[in-house]
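**Q** Take a look and give me a structure for this.
(chains A and B)
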Amino acid sequence: MRLSQTLVPTLKENPGEAQVVSHKLMLRAGMIRQLGAGIYSWLPLGLRVLRKVENIVREEMDRAGAQEVLMPAVQPAELWKESGRWSQYGAELLRFQDRGERDFCFGPTHEEVITDLVRHELRSYKQLPANFYQIQTKFRDEVRPRFGMMRGREFLMKDAYSFDLDQESLDNSYQIMFQAYQAIFRRCGLTFRAVEADTGAIGGSDSHEFHVLAGSGEDEIASCDHCHYAANLEKAVPGPLEEVALTSSGAAMERVETPGIRTIEEVAGFLKVPAHQTVKSLVVETSEGAAILLLRGDHELNEIKASHLLEGEGFHLPDPAAVQKLTGVTVGSLGPVGATLPLIADYALENQTDFVCGANQEGWHLTGVCWGRDLPRPRFADLRNVRAGDRCPRCETGHFSLDRGVEVGHVFKLGDKYTRAMKMTVLNKEGREQTPLMGCYGIGVSRIVAAAIEQNHDDNGIVWPVSLAPFHVEILLVNPKETEAMELAESLYNRLGQANLSTLLDDRRERIGVKFKDADLIGAPLRVVIGGRGIKEGMVEVQSRHDGASQKVEIGAVAEHLIERLQALMAEAVV
RNA sequence: CGGGGUGUAGCGCAGUCUGGUAGCGCAUCGGUUUUGGGAACCGAGGGCCGGAGGUUCGAAUCCUCUCACCCCGACCA
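**A** Numbering: from 1, shown residues only, chains lettered A, B, ... in the order given. Predicted coordinates for the structure are as follows:
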């Protein structure tokens, strides 16, 4: 491709609206342009990368035995009413009507459509297992789109749906997808981690998320430094505490005056006890009522875990005024002793003794509190977020480290949620109708482009992994007016094309400095500089975007040299 | 949805407090000289100052309403 004939509007300055590296660089390299909040156009350069990702995904899905289809983006409301999600799915579902005032939505996901398709077309167990996928534009009316392609409203997604006769077969389909996903992200040159995830409202037994590690990621993931256990913070379970259980001093519970003391830090500081010897009491509420959750002072509540424990919908932490109304005490002095609401305590408090907590009276706390003596032992449960350094629950040897990640893939076992709701059955060996089990598997194709940049850039621009690079090689013509150099560039360009290397020829009438800067932004792995001094010596210069190293190569040998270098880079990437 | 911020040339911004016919840098177009890391000089074009209404002799500037975008939070198959 010739840069002089291609729209690659690079920017010198960072656009004001961009916060994260990938967004800035995608705009600056002329890959995308924003149309509205969370809505973008892909320009030629960006589209080439998007297609690269798409093709890797397609190849691996095909290899894994999935069949590609393409379903409608616009879906009738009837299907969503049938599954029950028309009312469940909130404002994130973009709804509209056609001229006949019939309700439709722009598909944020396609469980209903695929289930509808398959219930008409699959009749026999002999047709299972089956797995269908598509690469489709989705729309989710996110409450807050942000970070460019990382969290857009319109985005490109690969979604796949498997259908199996029984659990064992579903487990197998899931496993196949899990492995295909690993192959996909590996081929994209990404550093990623597969983590156990919360299944969310959709339910089901198993779920894994695939995260690309990056500081700008929106999710926090905990991974064991010893075994393979890794989980989204939402779900990560702490192993047994390593701190020695406190042995009771035998001292009696005591009421102490703590004027104006509210937070755990203030309590610990005022009473000169470590934060882990305090207990914090948090009031939570659902449609079924309120409860008090107890956590060690230095631990943090995991709201997702807590919401799973409580009956009812609409889990939330009431504001301080509401808490006072529910308990009669101000937030800072709340405590479990004599509390009227049901108590649930975190496992970390099971062996706790002599702790400090609120006295349920403004300005007073209790010290030396012990379970069984000063108040009945409450129900214990896992309520907290794990922390870096906590012991792993699986191997009980390793410890957690926490990383931020960008979720680029998610695999679920759905079970019969949709097949049952939408009455999909096939005849089994006995000739009876049986409801198949579903799995669903998503990959954020456009998000991968952003995630790859988050992981592969430097101060000057993008440093593409070979497999995703829009071009393998960029040829920089120092001066297009030099006919000898121009001819040389042309013949090299053609030669590389024949060898199936994609090449960008910067034949613009720009100064070489401009070309260097743009080449850095665009980030092709290899770069050839033709013209100026070298050409008189019969040499051109080959540079690596990755480490900036450059070397002179004889003109006659450049093509072979580049081809070899590229092959080496690709081989390296496969490892 | 709550809180905060910003809308002025293609991009990045100043001007708004204190009302008086709109400016800087980059980019664009023409010319000259340059030519290995975002060139220099000369000249030119480009704005209903997000939109509507109001106050005023006069509004980018003050008031009211509205729209869009960005950030924090809540939310998130």
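**Q** helices and strands of chain A: which one has the lowest mean pLDDT?
**A** Least confident helix or strand of chain A, by mean pLDDT, DSSP states H and E, is helix A:320-327 with a mean of 79.
**Q** for whatever helix or strand comes next after it, what is the average pLDDT?
**A** Later in the chain than helix A:320-327, the nearest helix or strand by DSSP states H and E is strand A:343-346. Mean pLDDT, computed over strand A:343-346, is 91.
**Q** Report the distance from strand A:343-346 to the chain centre.
**A** 31 Å (C-alpha atoms, centre = their mean, to the nearest Å).
**Q** Give me the packing partners of that strand, helices and strands only.
**A** strand A:289-296, strand A:379-381 (3 or more C-beta pairs under 8 Å, 6 or more residues apart in numbering; DSSP states H and E). (Each C-beta comes from the backbone N, C-alpha and C, glycine too.)
**Q** My understanding was that A:Ala236 contacts A:Ala222; is that so?
**A** Yes. A:Ala236 is within contact range of A:Ala222, at 4.0 Å (criterion: C-beta atoms under 8 Å).
**Q** what residue is smack in the middle of chain A?
**A** A:Glu407 (1.0 Å; C-alpha atoms, centre = their mean).
**Q** pLDDT score for the closest residue to it other than its chain neighbours?
**A** Using C-beta to C-beta, 6 or more residues apart in numbering and skipping residues adjacent in sequence, the residue nearest A:Glu407 is A:Glu209, 5.2 Å away. On pLDDT, A:Glu209 comes in at 92.
**Q** and A:Glu209, how far is that from RNA strand B?
**A** The gap separating A:Glu209 from RNA strand B is 10 Å, by C-beta to the nearest atom of the strand, to the nearest Å.
**Q** Repeat that for A:Asp403.
**A** Counting by C-beta to the nearest atom of the strand, the gap from A:Asp403 to RNA strand B is 17 Å.
**Q** Dump stretch A:453-463 to CSV, restricted to CA.
**A** Listed next in CSV are the C-alpha coordinates belonging to stretch A:453-463 (Å, rounded to 0.1, in the frame of the first residue of the first chain):
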residue,chain,number,x,y,z
ILE,A,453,-1.6,-1.7,21.9
GLU,A,454,-1.8,-1.3,25.7
GLN,A,455,0.7,-4.1,25.9
ASN,A,456,2.9,-3.2,22.9
HIS,A,457,4.0,0.4,22.7
ASP,A,458,6.7,2.8,23.6
ASP,A,459,7.0,6.6,23.8
ASN,A,460,7.0,7.0,20.1
GLY,A,461,4.1,4.8,19.1
ILE,A,462,2.8,1.3,18.6
VAL,A,463,5.2,-1.7,18.5
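**Q** can you list the residues that contact that stretch?
**A** Here stretch A:453-463 makes contact (C-beta atoms under 8 Å, 6 or more residues apart in numbering) with A:20-22, A:25-26, A:28-29, A:150, A:189-191, A:212-217, A:406, A:464-465, A:517, A:520-523, A:525, A:545-546.
**Q** What about those, which are in helices?
**A** Among the contacts of stretch A:453-463, the members falling in helices are A:21-22, A:25-26, A:28, A:517, A:520-522 (criterion: DSSP state H).
**Q** Mind picking the two most distant members of these?
**A** A:Ser22 and A:Lys517 (19.0 Å; C-beta to C-beta).
**Q** Tell me which of those two has more neighbours.
**A** Neighbours per residue (other C-beta atoms under 10 Å) separate A:Ser22 from A:Lys517, with A:Ser22 holding more: 28 against 16.
**Q** Give me the sheet partners of the helix or strand containing the residue nearest to A:Glu407 and which way each runs.
**A** Using DSSP H and E, A:Glu209 falls within strand A:207-213. As defined by DSSP bridges, the strand partners of strand A:207-213 come to strand A:192-196 (antiparallel), strand A:400-415 (antiparallel).
**Q** rewinding a little: could I get the ones in helices among the contacts of stretch A:453-463 in CSV, plus columns for distance to A:Glu196 and pLDDT?
**A** Output for the ones in helices among the contacts of stretch A:453-463, formatted as CSV (distance: C-beta to C-beta, whole Å; pLDDT from 0 to 100):
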residue, distance to A:Glu196, pLDDT
A:Val21, 28, 91
A:Ser22, 26, 93
A:Leu25, 32, 94
A:Met26, 31, 94
A:Arg28, 37, 93
A:Lys517, 44, 95
A:Asp520, 39, 95
A:Leu521, 38, 95
A:Ile522, 38, 96
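**Q** which ones among those come in contact with RNA strand B?
**A** Counting by C-beta under 7 Å from any atom of the strand, A:28, A:517, A:520-521 from those sit close to RNA strand B.
**Q** show me the residues around A:Cys357 that make contact.
**A** Contacts of A:Cys357 by C-beta under 8 Å, 6+ apart are A:278-281, A:294, A:335-337, A:365-366, A:369.
**Q** and which of these is nearest to A:Val411?
**A** The closest of the contacts of A:Cys357 to A:Val411 turns out to be A:Leu294 (C-beta to C-beta; 35.2 Å).
**Q** What segments of the stretch 401-550 of chain A are strands?
**A** If DSSP state E, counting those that start in this stretch is used as the criterion, the strands of the stretch 401-550 of chain A fall at A:426-427, A:433-434, A:437-444, A:457-458, A:461-462, A:473-477, A:503-506, A:526-530, A:539-544, A:550-554.
**Q** about what we covered before: make a ChimeraX selection of the buried ones in the contacts of stretch A:453-463.
**A** Command for ChimeraX, covering only those of the contacts of stretch A:453-463 found buried under the criterion 16 or more other C-beta atoms under 10 Å:
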select /A:20,21,22,25,26,28,29,150,189,190,212,213,214,216,217,406,464,465,517,520,521,522,523,525,545,546
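**Q** so what's the residue of chain A found nearest RNA strand B closest to, chain neighbours aside?
**A** Residue nearest to RNA strand B within chain A: A:Gly532 (2.1 Å; C-beta to the nearest atom of the strand). Nearest non-adjacent residue to A:Gly532, counting by C-beta to C-beta, 6+ apart: A:Val478, 4.4 Å away.
**Q** how near is that neighbour to A:Lys536?
**A** From A:Val478 across to A:Lys536, the span is 12 Å (C-beta to C-beta, to the nearest Å).
**Q** one step back: and of the helices and strands packed on strand A:343-346, who's closest to A:Lys325?
**A** Closest among the helices and strands packed on strand A:343-346, using C-beta to C-beta: strand A:289-296, at 10.0 Å.
**Q** what about stretch A:392-399, how long is it end to end?
**A** 5 Å (C-alpha to C-alpha, to the nearest Å).
**Q** these two touch, right, A:Arg377 and A:Gln352?
**A** No. With contacts counted by C-beta under 8 Å, A:Arg377 stays clear of A:Gln352, the gap being 10.8 Å.
**Q** thinking again about what came up before, closest one to A:Arg262 among the strands of the stretch 401-550 of chain A?
**A** Using C-beta to C-beta, those put strand A:437-444 closest to A:Arg262, at 42.1 Å.
**Q** Can you point out the buried residues in that closest one?
**A** Buried-residue list, strand A:437-444, by 16+ other C-beta under 10 Å: A:437-444.
**Q** Return the two entries of those that lie farthest from one another.
**A** Farthest pair in these (C-beta to C-beta) is A:Leu437 and A:Gly444. Separation: 24.7 Å.
**Q** any idea of the mean pLDDT in stretch A:460-480?
**A** Stretch A:460-480 comes out at a mean pLDDT of 95.
**Q** Briefly note if it comes near RNA strand B.
**A** Yes. Stretch A:460-480 reaches RNA strand B (C-beta under 7 Å from any atom of the strand) through A:460, A:478-479.
**Q** And for the nearest residue to A:His546 once chain neighbours are set aside, the neighbour number?
**A** Residue nearest to A:His546 in three dimensions, not counting chain neighbours: A:Val463, with 5.8 Å by C-beta to C-beta, 6+ apart. Each residue near A:Val463 was counted by other C-beta under 10 Å, and the total is 21.
**Q** most neighbours per residue, which of the helices and strands packed on strand A:343-346?
**A** Of all the helices and strands packed on strand A:343-346, strand A:289-296 has the most neighbours on average by mean count of other C-beta atoms under 10 Å, namely a mean of 22.
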